[in-house]
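Chemist: What follows is a protein structure lacking sequence information:
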Ligand SMILES: [Fe+2]
Ligand SMILES: [Fe+2]
């Protein structure tokens with residue numbers, strides 16, 4: 001079975017933009033943390049998190065991404081279940097609705113990493129380890145900040161994920177989720193180059 005290291009090979013083969021690679025690493029970290037939190041298959045969750053946008057650079061439109069990417073994964077012998085999760089992160093284009101818990105997790109973790117990264121980058125230290133939930137909250141409320149992050153979609157995806165997870169996340173809300181993703185990203189500050197080196 002293919003796993004995280006195979007995903008890394010595919011990502012680096014098709015993606016040169018370091019920011020896009022960092023986005024996938026951020027989503028991987030969040031997915032890995034959630035798999036641990038929820039007692040799920042960490043390797044699988046990390047793999048889909050890392051892999052999900054591998055074809056965005058070669059298919060930069062939503063009529064191609066991630067459908068065409070999925071074909072590539074199929075040719076290379078990726079498991080259908082992993083491909084299905086990748087397809088489910090853009091149901092409007094692929095027709096594949098999120099169904100498994102891992103699909104809902106991916107949808108909930110994807111865009112919010114962008115807002116967190118943007119929040120870290122406007123800090124003078126450019127160190128994600130200095131970012132607190134409070135600052136992300138403030139930036140969330142400023143709709144012109146990282147305007148590409150569709151707040152409504154994030155709310156919807158987060159609600160669906162929390163509901164799908166059931167009892168383990170029963171008392172969770174949007175902010176707890178964002179804080180969880182923030183902490184996961186803080187854990188890989190160096191890989192994200194959000195460890196102060198850009199200051
Ligand atoms: Fe995507
Ligand atoms: Fe993404």
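Modeler: It's in. The shown structure was predicted, so the numbers you read here are calculated from the model rather than taken from an experiment. Ligands and ions are numbered 1, 2, ... in the order given.

Chemist: and the one helix or strand residue 162 maps to, what does it pack onto?
Modeler: According to DSSP states H and E, residue 162 maps onto helix 151-165. Judged by 3 or more C-beta pairs under 8 Å, 6 or more residues apart in numbering; DSSP states H and E, helix 151-165 is in contact with helix 101-110, helix 112-121, helix 174-186. Where you see a C-beta, it was placed from the backbone N, CA and C, and this is true even at glycine.

Chemist: got the ones you listed as JSON lines, with mean pLDDT and mean neighbour count columns?
Modeler: As requested, the helices and strands packed on helix 151-165 are exported to JSON lines (pLDDT from 0 to 100; neighbours: other C-beta atoms under 10 Å):
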{"stretch": "helix 101-110", "mean pLDDT": "98", "mean neighbour count": "25"}
{"stretch": "helix 112-121", "mean pLDDT": "98", "mean neighbour count": "22"}
{"stretch": "helix 174-186", "mean pLDDT": "98", "mean neighbour count": "20"}
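
Chemist: Tell me which of those helices sits nearest to residue 3.
Modeler: helix 101-110 (13.9 Å; C-beta to C-beta).

Chemist: Give me the angle between the helix holding residue 162 and helix 174-186.
Modeler: 90 degrees (axes from the mean of the first three to the mean of the last three C-alpha atoms, to 10 degrees).

Chemist: The closest residue in space to residue 107 that isn't next to it in sequence: what's it in contact with?
Modeler: Leaving aside its sequence neighbours, residue 107 sits nearest to residue 157 (C-beta to C-beta, 6 or more residues apart in numbering; 4.1 Å). Neighbouring residues of residue 157 by C-beta atoms under 8 Å, 6 or more residues apart in numbering: 104, 107-108, 110-111.
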